[in-house]
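In: take this sequence and fold it.
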Amino acid sequence: MKLFFIFLFVTSSWASDFLPRSFSFNFEQRFISKINKKEKISSGTLDYLYPGNIRFEILNPDKVIFVSNNEKSWYYTGPFIEGEEGELTVKSNDKKMVLAKFFDSLGKGLSSNDVYKVESTKDGKKLIFSDVSKSDLGIKEAFLYLENAKSDFKSLSKVLINYSDDRQTTFTVKSMKTELGWNKNHFIFNPPPKTKISN
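Out: From the prediction side, this is the model:
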């Protein structure tokens, strides 16, 4: 399965009134394949720690793991048949994963700023990214669906992202935890045995 990715620093205080310093959620992801134009559905978990640390795991229908911190990133595809080799690509992090940069940007909160303009909708907030941000993130706009129109990240039920290349991805949040006590090892990938590694 080709996955379109639209993906430790701890301080004593946290300035954002919206984005938690860390969070984890289970999700269902939907996007339209550019190959056959059919909708693809997957499910998994996403862990994030500000700034730039992300662990993105697709558990179904295929096993795909992307882990990234401020130094390296790992992209792992599990074997199609149990007992065969999985494949891992390791890269230096010259550029952060788009999803990590997207969540980093939410530290700006739900008021218009130099990264995006904020508009209220009946279901939450619409973020319209500036020309500079569109070039940097590759995102035109995003919709944050917030339960009961709250301005609380923990009320986030869905994220819809429209990319600059006209791709669209929707994450439906199934459950969420915030302010988790991870250390840096959580955002380092240790490959299982029988893994083919490339750079």
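
In: for Lys154, helix, strand, or coil?
Out: helix (DSSP: H, G, I helix; E, B strand; the rest coil).

In: wait, it touches Val173, no?
Out: No: using C-beta atoms under 8 Å, Lys154 makes no contact with Val173, being 9.7 Å away. In short, each C-beta sits where N, CA and C put it, glycine included.

In: and these two? which has more neighbours close in?
Out: Val173 (19 against 15; other C-beta atoms under 10 Å).

In: can you check the pLDDT for that one?
Out: pLDDT for Val173: 97.

In: helices along the protein, start to end?
Out: Listed in chain order, the helices of the chain (DSSP state H) span 98-105, 131-137.

In: right, so those: which one is the most enclosed?
Out: Greatest average neighbour count among the helices of the chain goes to helix 98-105 (a mean of 22), per mean count of other C-beta atoms under 10 Å.

In: please work out which residues outside that helix touch it.
Out: 5-7, 19, 46, 48, 50-54, 56, 68, 96, 115-116, 133, 136-139, 142, 161 (C-beta atoms under 8 Å, 6 or more residues apart in numbering).

In: pLDDT averaged over it - what is it?
Out: On average, helix 98-105 scores 94.

In: now find how far off-centre it is within its chain.
Out: A distance of 7 Å separates the centroid of the chain from that of helix 98-105, by C-alpha atoms, centre = their mean, to the nearest Å.

In: can you check stretch 82-95 too?
Out: 18 Å.

In: next one, pLDDT for Leu156 please.
Out: pLDDT at Leu156 comes out at 95.

In: likewise Lys126?
Out: The model reports Lys126 with a pLDDT of 97.

In: sorry, back to before: could you dump the helices of the chain to TSV with distance to Tyr76?
Out: Shown next, in TSV, are the helices of the chain (distance: least, C-beta to C-beta, whole Å):
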stretch	distance to Tyr76
helix 98-105	16
helix 131-137	24
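
In: out of the ones you listed, flag the one nearest Lys40.
Out: helix 98-105 (16.5 Å; C-beta to C-beta).

In: all strands for the protein, in order.
Out: 22-32, 39-49, 53-60, 64-68, 72-77, 86-92, 116-121, 124-129, 139-146, 156-163, 168-178, 195-198 (DSSP state E).

In: tabulate those strands in TSV, adding columns for distance to Lys184.
Out: Conversion of the strands of the chain to TSV gives the following (distance: least, C-beta to C-beta, whole Å):
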stretch	distance to Lys184
strand 22-32	12
strand 39-49	9
strand 53-60	8
strand 64-68	11
strand 72-77	11
strand 86-92	16
strand 116-121	29
strand 124-129	29
strand 139-146	27
strand 156-163	26
strand 168-178	19
strand 195-198	21
